[in-house]
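Asker: I would like to see how this sequence folds:
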Amino acid sequence: MPRLPRAPQQALLLPAALALTLGLSACGGDGNDAAEAPTSPAATTSATAPPSPPASNPTEADGADEPEPSRTARPSRTARPNRSTLAPLPPQPLLAKPARAHLLDADRMPTVADDLPWTDAAKGDGSRPVGACQKASLFDIGAIRTTERRFTTADGSATAVQVLGRFADRSSAYRAAEVLMAWRADCAERLSSPRAKVGEARDVPVRTGFGTVYAATYGERPADGARATALGVVRKGSWVSVVEVATDERRWPRGRNPARQAVRRIAATFRAS
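Answerer: Numbering: from 1, shown residues only. Prediction:
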C-alpha cells in the first residue's frame, strides 16, 4: 500500500492550541465578572444615597450655639394641681355692727305703762329659754353665739328680756325660727294651768327681715293675778332674736302689744347691717 504524505507539523499544532484556549476561557473569569458580583448593603447604600450638602459653617451645622425653642410644659391630666398656685379665698365681710347693737336699751324697749320705765336688770349669755312656751335656748337649737339683756320695772311687776343668737347661715336661722314658733302649738298643754291660753301667731310688718308675735296668758286669777305675756321673734339673715314682755294680767296695756312694738324696733337695728 502506498504511504500518505505526512502533514506538516505546523498544521497539527494549530488545532491543539485552539482547543487549549477555549478550555481556559470556560474555567477562568475576566474583568466583567467583578461587575456582576453581588455587593454588600453598605456598599449599595453609599452608592445610591445622595451626598449631603456641605455645611458652610460647622457651628451652625452642629447646632451648638443655636438656642432650643421654648416648650410649655402641659400638666398631666391625672396630676393634682399645685395648691400654692390657687387663688386665695376672698376675705369674709366684717359685720357692720356688733351683736350688742341689735339689743335694745332700756329706753328703747317698749313699756307696759308710761309710769313704769325699764331699768337694766342683768346681762347674760342667752343660755336660758325665753318665755313660758320655749322649751330650750337659742344655743340649744343651733346658735353659735348668743347674748341677752333683761329688764325690770322698779316695782318688779313687769319684766322683759331679749336674746340674740347668731347661726351658721341663713338656713340654720330659718329652721331655728320655725322651731320657736312650733313650740307655740302645744304651749297651752305644757303650761298645766286651767286658764292657760295661747293666741295665734301674727306677722309683724318690718322693713327688713321677718317678724312674728303671739300672746299668752297663764296662772291663777285671784291674789296676785294671772300672768300675761307676749313673745316676738325677729329673723334677719343668720340672726334670730327673741323678745318677751310680761306683766300681771290686770296691768297689760289695752289696745297695744309691747312685744309687737319691740319686734319692729329690733328689726330696725338690722337696716344698716
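Asker: so where's the stretch 1-150 of the chain uncertain?
Answerer: Residue ranges of the stretch 1-150 of the chain with pLDDT under 70: 1-97.
Asker: try 90
Answerer: Applying pLDDT under 90 to the stretch 1-150 of the chain flags residues 1-100, 119-124, 131-132.
Asker: Show me where the protein has its strands.
Answerer: Ranges of strands in the chain, per DSSP state E, are 119-124, 145-152, 158-166, 197-198, 202-204, 210-218, 227-236, 239-248.
Asker: can you put those in a markdown table and add distance to Leu104 and mean neighbour count?
Answerer: C-beta here means a position set from N, CA and C on the backbone, and glycine is covered the same way. Below are the strands of the chain laid out as a markdown table (distance: least, C-beta to C-beta, whole Å; neighbours: other C-beta atoms under 10 Å):
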| stretch | distance to Leu104 | mean neighbour count |
| --- | --- | --- |
| strand 119-124 | 11 | 12 |
| strand 145-152 | 7 | 20 |
| strand 158-166 | 6 | 24 |
| strand 197-198 | 24 | 18 |
| strand 202-204 | 15 | 15 |
| strand 210-218 | 14 | 21 |
| strand 227-236 | 11 | 25 |
| strand 239-248 | 8 | 26 |
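Asker: Between those strands, which one is closest to Glu178.
Answerer: When the strands of the chain are compared by C-beta to C-beta, strand 227-236 sits nearest Glu178, at 9.4 Å.
Asker: any idea of the angle that closest one forms with strand 210-218?
Answerer: Angle of strand 227-236 versus strand 210-218, following axes from the mean of the first three to the mean of the last three C-alpha atoms, to 10 degrees, is 170 degrees.
Asker: Dump the C-alpha coordinates for strand 227-236 into PDB.
Answerer: Taking C-alpha atoms only, strand 227-236 is exported to PDB below (Å, rounded to 0.1, in the frame of the first residue of the first chain):
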ATOM      1  CA  ARG A 227     -99.600  86.400 134.100                       C
ATOM      2  CA  ALA A 228    -100.000  88.000 130.700                       C
ATOM      3  CA  THR A 229     -97.100  87.800 128.200                       C
ATOM      4  CA  ALA A 230     -96.300  88.300 124.600                       C
ATOM      5  CA  LEU A 231     -93.400  86.800 122.700                       C
ATOM      6  CA  GLY A 232     -91.900  88.100 119.400                       C
ATOM      7  CA  VAL A 233     -89.400  86.600 117.000                       C
ATOM      8  CA  VAL A 234     -87.200  88.500 114.600                       C
ATOM      9  CA  ARG A 235     -85.100  86.800 111.900                       C
ATOM     10  CA  LYS A 236     -82.600  88.600 109.700                       C
END
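Asker: elements contacting it?
Answerer: Here strand 227-236 touches helix 170-182, strand 210-218, strand 239-248, helix 258-268, going by 3 or more C-beta pairs under 8 Å, 6 or more residues apart in numbering; DSSP states H and E.
Asker: Thanks a lot, catch you later.
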